[in-house]
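Q: next come a sequence and a model predicted from it.
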Amino acid sequence: MSGFADAGLPDGTIALVTGASRGIGAAVALELARLGARVVITARTQGGLEETDDAIRALGGEATILPLDLREGAQIDAIGPTLFQRFGRLDILVHNAGALGRLTPVSHILPNDWADVVGVNLSAAWRLIRTCDPLLRQSPAGRAVFVTENRAREPRAYWGAMGATKAGMEHLVQTWAQEVAITPVRVNLFDPGPVATRMRSDAFPGEDPASLPAPDAVAPALTALCLPTEERNGVLVKAG
């Protein structure tokens, strides 16, 4: 892969992308690889990760598969030490994985469903910050991007679990951004808007996916937040 002058990322850049087995996560992983990063891709689905890995290698890029369940805190806590042991660094964190949960009245949310959505959308974000913060601070231009969605700011009936946990994540991420403001690290939020993903089809089963942008249409805008030239910090960037 080429270096910074040609690709936009310095040689040796290590990027971690969650939810990279399909959809936006897979598209972002491919875009980061195209720009020159070695991408560590995570998700629960081994088969999906292997497909993303194949696509990255077809571009001439390099990837490392790291299957994990973001609801398992100990697995997340081990990411930082694992990356340090394997690569000695981390330059980019993209937390794309998310959980929709059941679209149901708040009073009907079941404890197990609540735990799952909180675990993936909020607790995982906190644990990723904890485990990745030391490595990102050591990077010459550490960048972190967390994928959110407008329900965090615009409550809607039946979307309580998703909206509340994404709102909590936004608050957590923007607080962290203030805490690293005097360092080279830059931390931002990205709202892709409606995109043709499996989560979107689960939420809106009657919608025609062809009427929505594909994941690879929004990936470049998200990936731009990962570049060393990106100086914004603590902001919410919307696709388009």
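A: It's in.

Q: when you work out contacts or count neighbours from here on, use the C-alpha atoms and nothing else.
A: Noted.

Q: can you pull the contacts of the nearest residue to L128 once chain neighbours are set aside?
A: Closest residue to L128 apart from its sequence neighbours, by CA to CA, 6 or more residues apart in numbering: I76 at 6.4 Å. I76 sits next to 68, 70, 124, 127-128, 131 when contact means CA atoms under 8 Å, 6 or more residues apart in numbering.

Q: now tell me what touches the longest helix belonging to the chain from outside.
A: Assignment by DSSP state H gives helix 160-179 as the longest helix of the chain. Contact with helix 160-179 is made by 99-101, 103-106, 109, 114, 117-118, 121-122, 125-126, 146, 148-155, 186-189, 233-235, as judged by CA under 8 Å, 6+ apart.

Q: go again using 7 Å as the cut-off
A: 100-101, 106, 114, 117-118, 121-122, 125, 148, 151-153, 155, 186-187, 233-234 (CA atoms under 7 Å, 6 or more residues apart in numbering).

Q: just the buried ones from those, in ChimeraX syntax?
A: Buried subset of these, written as a ChimeraX selection, criterion 16 or more other CA atoms under 10 Å:
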select :100,101,114,117,118,121,122,125,148,151,152,186,187,233,234
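
Q: so which of the contacts of helix 160-179 belong to strands?
A: 186-187 (DSSP state E).

Q: can I assume V39 sits in a helix?
A: No: the assignment for V39, made by DSSP: H, G, I helix; E, B strand; the rest coil, is strand rather than a helix.

Q: need the contact list for it.
A: Here V39 is in contact with 14-16, 29, 33, 62-64 (criterion: CA under 7 Å, 6+ apart).

Q: low-scoring stretches of this protein, by residue?
A: Low-confidence segments of the chain (pLDDT under 70): 1-7, 196-197, 201.

Q: show me where it has helices.
A: Under DSSP H, the chain gives helices at 4-7, 23-34, 46-58, 73-77, 79-87, 111-118, 124-138, 160-179, 198-203, 215-224.

Q: L93 is nearest to which of those helices?
A: Closest approach to L93 among the helices of the chain (CA to CA): helix 124-138, 7.8 Å.

Q: any idea how far the closest one is from the chain center?
A: In terms of CA atoms, centre = their mean, to the nearest Å, the centre of helix 124-138 is set 13 Å apart from its chain centre.

Q: can you give me the angle it makes with helix 79-87?
A: 40 degrees (axes from the mean of the first three to the mean of the last three CA atoms, to 10 degrees).

Q: what is helix 124-138 packed up against?
A: helix 73-77, helix 79-87 (3 or more CA pairs under 7 Å, 6 or more residues apart in numbering; DSSP states H and E).

Q: closest to A55 out of these?
A: helix 79-87 (21.9 Å).

Q: send the alpha carbons of that closest one over as PDB?
A: The C-alpha trace of helix 79-87 is given here as PDB (Å, rounded to 0.1, in the frame of the first residue of the first chain):
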ATOM      1  CA  ILE A  79      -8.500  -5.000  22.800                       C
ATOM      2  CA  GLY A  80      -6.000  -2.400  23.900                       C
ATOM      3  CA  PRO A  81      -3.500  -4.800  25.300                       C
ATOM      4  CA  THR A  82      -3.900  -7.100  22.300                       C
ATOM      5  CA  LEU A  83      -3.300  -4.300  19.800                       C
ATOM      6  CA  PHE A  84      -0.300  -3.100  21.700                       C
ATOM      7  CA  GLN A  85       1.200  -6.600  21.900                       C
ATOM      8  CA  ARG A  86       0.500  -7.200  18.200                       C
ATOM      9  CA  PHE A  87       1.200  -3.800  16.600                       C
END
